[in-house]
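Peer 1: Mind folding the following:
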Amino acid sequence: MAPARQHLAIEHERTYRATVGSQAVDLPLVQVADDVTIALLICVDHGVAFSETAGRELADLLRDAEPDVVVSVATMGIPLAIEVTRALGHDDYVILHKTPKIHLGNTWAEPVRSITTGADQTLRLDPARVDAVRGRRVAVVDDVVSTGASLRAALNLLRRAGANPVVVGSFLIEGQQWRGALGPDAALVRSLGAIPLFHAGADGHLVEDWSGDPS
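Peer 2: From the prediction side, this is the model:
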């Protein structure tokens, strides 16, 4: 059951305390739309020890799915992919890219729109890395699953490349909107914690929204 809605004073509260596995972190509150504020997790801002511990704990959640390779999205997903791969006892991992590069081309590409950028982007798999995922059991990892758009694009792209995504791991899930975007694939998601979205209340406070629905 989702926690009850709570109020945060806009004029006083600029961070939100979130639990990521065994760790607690204070996340800045960032407005991303007229009536949507998010608690922003940028894992590279929390140091090496944070990523190492969270990566190890996330790997423990994914281990029984027996993934052969870990896949994540650049750039924020790179430290996560490294730590989960290390904790699983693997050596290789694959990174999907949102920034165009000459060697990536457009053969393995999927459109995506991110809540944090608010812009249309393209997710790309390096053609030279297709054999690293084709016919293999894949764990897709990300720092936060929010709208589900980036994750949906990653799963589509990997399946086109012949991969078998068997589990999705995330430090945090945000709201519930991602469930509708992922459909049956929502059952693959495992996380170390959960955070709400926030909407402005009539009394000038932020209201926690665990459903992802502004109403």
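Peer 1: Show me what the helix ranked longest in the chain is in contact with.
Peer 2: Ordering each helix of the chain by length in residues (DSSP state H) puts helix 47-62 first. With contacts defined as Cβ atoms under 8 Å, 6 or more residues apart in numbering, helix 47-62 is touched by 20-23, 25, 43-44, 79-80, 82-84, 86-88, 139, 141, 167, 169-171, 190-192. Every C-beta, even on glycine, is put in place using the N, C-alpha and C of the backbone.
Peer 1: Buried subset of the residues you listed as a ChimeraX selection?
Peer 2: Selecting only the buried entries of these in ChimeraX, with 16 or more other Cβ atoms under 10 Å as the criterion:
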select :20,21,23,25,43,79,80,82,83,84,86,87,88,139,141,167,169,170,171,190,191,192
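Peer 1: Contacts only, for residue 39.
Peer 2: For residue 39, counting by Cβ under 8 Å, 6+ apart, the contacting residues are 15, 16, 18, 27, 28, 29, 30, 174, 195, 196, 198.
Peer 1: so of those residues, which ones are in strands?
Peer 2: If you go by DSSP state E, these have 15, 16, 18, 27, 28, 29, 30, 174, 195, 198 in strands.
Peer 1: coming back round to it: now, among the contacts of residue 39, which is nearest to residue 184?
Peer 2: residue 174 (20.1 Å; Cβ to Cβ).
Peer 1: which phi and psi does the residue located most distally from the centre of the chain have?
Peer 2: Distance from the C-alpha centroid of the chain peaks at residue 203, with 31.8 Å (Cα atoms, centre = their mean). Taking degrees, to the nearest 10, you get phi -90, psi 10 for the backbone angles of residue 203.
Peer 1: how much space between it and residue 85?
Peer 2: 47 Å (Cβ to Cβ, to the nearest Å).
Peer 1: Let's see stretch 30-50 as PDB, backbone CA atoms only.
Peer 2: Once non-C-alpha atoms are left out, stretch 30-50 reads as follows in PDB (Å, rounded to 0.1, in the frame of the first residue of the first chain):
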ATOM      1  CA  VAL A  30      13.100  20.000  -9.000                       C
ATOM      2  CA  GLN A  31      10.100  21.400 -10.800                       C
ATOM      3  CA  VAL A  32       9.900  19.700 -14.300                       C
ATOM      4  CA  ALA A  33       6.400  20.900 -15.400                       C
ATOM      5  CA  ASP A  34       3.800  23.500 -14.300                       C
ATOM      6  CA  ASP A  35       2.400  21.200 -11.700                       C
ATOM      7  CA  VAL A  36       5.000  18.400 -11.400                       C
ATOM      8  CA  THR A  37       8.000  18.400  -9.100                       C
ATOM      9  CA  ILE A  38      10.300  15.500  -8.700                       C
ATOM     10  CA  ALA A  39      12.900  14.400  -6.200                       C
ATOM     11  CA  LEU A  40      16.000  14.100  -8.400                       C
ATOM     12  CA  LEU A  41      18.500  11.300  -7.900                       C
ATOM     13  CA  ILE A  42      21.800  11.800  -9.700                       C
ATOM     14  CA  CYS A  43      23.800   8.900  -8.500                       C
ATOM     15  CA  VAL A  44      27.100  10.300  -9.500                       C
ATOM     16  CA  ASP A  45      26.500  13.100  -6.900                       C
ATOM     17  CA  HIS A  46      26.500  10.700  -4.000                       C
ATOM     18  CA  GLY A  47      30.000   9.300  -4.200                       C
ATOM     19  CA  VAL A  48      31.700   6.000  -4.800                       C
ATOM     20  CA  ALA A  49      30.600   4.300  -1.600                       C
ATOM     21  CA  PHE A  50      26.900   5.000  -2.300                       C
END
